[in-house]
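Student: need a structure here:
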Amino acid sequence: YKILIQELGTVVGQFNGSIFKLTGDGFIAVIDHPCFTRQCDNAVDMGLSFLVILRDSVNPALEEAGLHRLEIRVGADYGEARIQRLEVQTTGYSQTDIVSDALNRAVKIENSCGSDEFRIGRTLYELVHVQWLERAQGVVFNGATVGIPGYEVYRVT
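Tutor: Numbers count the residues shown, from 1 in each chain. Next comes the predicted model:
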């Protein structure tokens, strides 16, 4: 787990992103860039880079050490996000969270992925450059079961 977060977290930084939150066996990364086209292209490039790093670097090292290979699923979408801080003064509890329909869609998209697969939502798809569109294929996604009926999702290779 430490190796996975360290290696993939390094990739996040290379695309002007940051890890917002660890989610148990994964993480949520955000890219904050003043140019939305750069932000969108970086999101797709970063998602594909995760798969390459895992395939060409992390998994061969794990297998060489006699450990099990890792599999990941990557989902992404684009949209506005708001940072929200929750505090309970009597207990000293505090938490920072992201409130975003795009993040909610990305998690649902990620959950629909197969092993070592990267999928993006229609909103992100509409904003990326042609080089990524040419690598995207529509997939079956039953958005009605997760509250986004008719939403289109694409596998990027």
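Student: contacting residues around Val146?
Tutor: Applying C-beta atoms under 8 Å, 6 or more residues apart in numbering, we find Val146 in contact with 108, 111. For the C-beta atoms, the positions are set from N, CA and C on the backbone; glycine is no exception.
Student: look up how far Tyr1 lies from it.
Tutor: Val146 sits 27 Å away from Tyr1, going by C-beta to C-beta, to the nearest Å.
Student: swap in Ala102?
Tutor: 26 Å.
Student: have a look at these two and say which one is more surrounded.
Tutor: Ala102 (18 against 10; other C-beta atoms under 10 Å).
Student: secondary structure element for that one, which one?
Tutor: helix 101-112 (DSSP states H and E).
Student: what are the buried residues along that helix?
Tutor: Under the neighbour-count criterion of 16 or more other C-beta atoms under 10 Å, helix 101-112 has 102-106, 108-110, 112 buried.
Student: next SSE downstream of it?
Tutor: Toward the C-terminus from helix 101-112 - assigned by DSSP H and E - lies strand 117-121.
Student: quick one: average pLDDT of that next one?
Tutor: Averaged across strand 117-121, the pLDDT comes to 98.
Student: given it, what are its sheet partners and their directions?
Tutor: Here strand 117-121 is paired, per DSSP bridges, with strand 73-76 (parallel), strand 153-156 (antiparallel).
Student: so how far is whichever helix or strand comes after the first one off the chain centroid?
Tutor: This points to strand 73-76. Moving toward the C-terminus from strand 73-76, the next helix or strand (DSSP H and E) is strand 82-88. With C-alpha atoms, centre = their mean, to the nearest Å as the basis, strand 82-88 stands 22 Å off its chain's centre.
Student: same deal with stretch 123-139?
Tutor: The answer for stretch 123-139 is 15 Å, by C-alpha atoms, centre = their mean.
Student: what of stretch 149-157?
Tutor: That offset, for stretch 149-157, works out to 14 Å (C-alpha atoms, centre = their mean).
Student: in that stretch, what counts as buried?
Tutor: Buried residues in stretch 149-157, defined by neighbour count with 16+ other C-beta under 10 Å: 151, 153-156.
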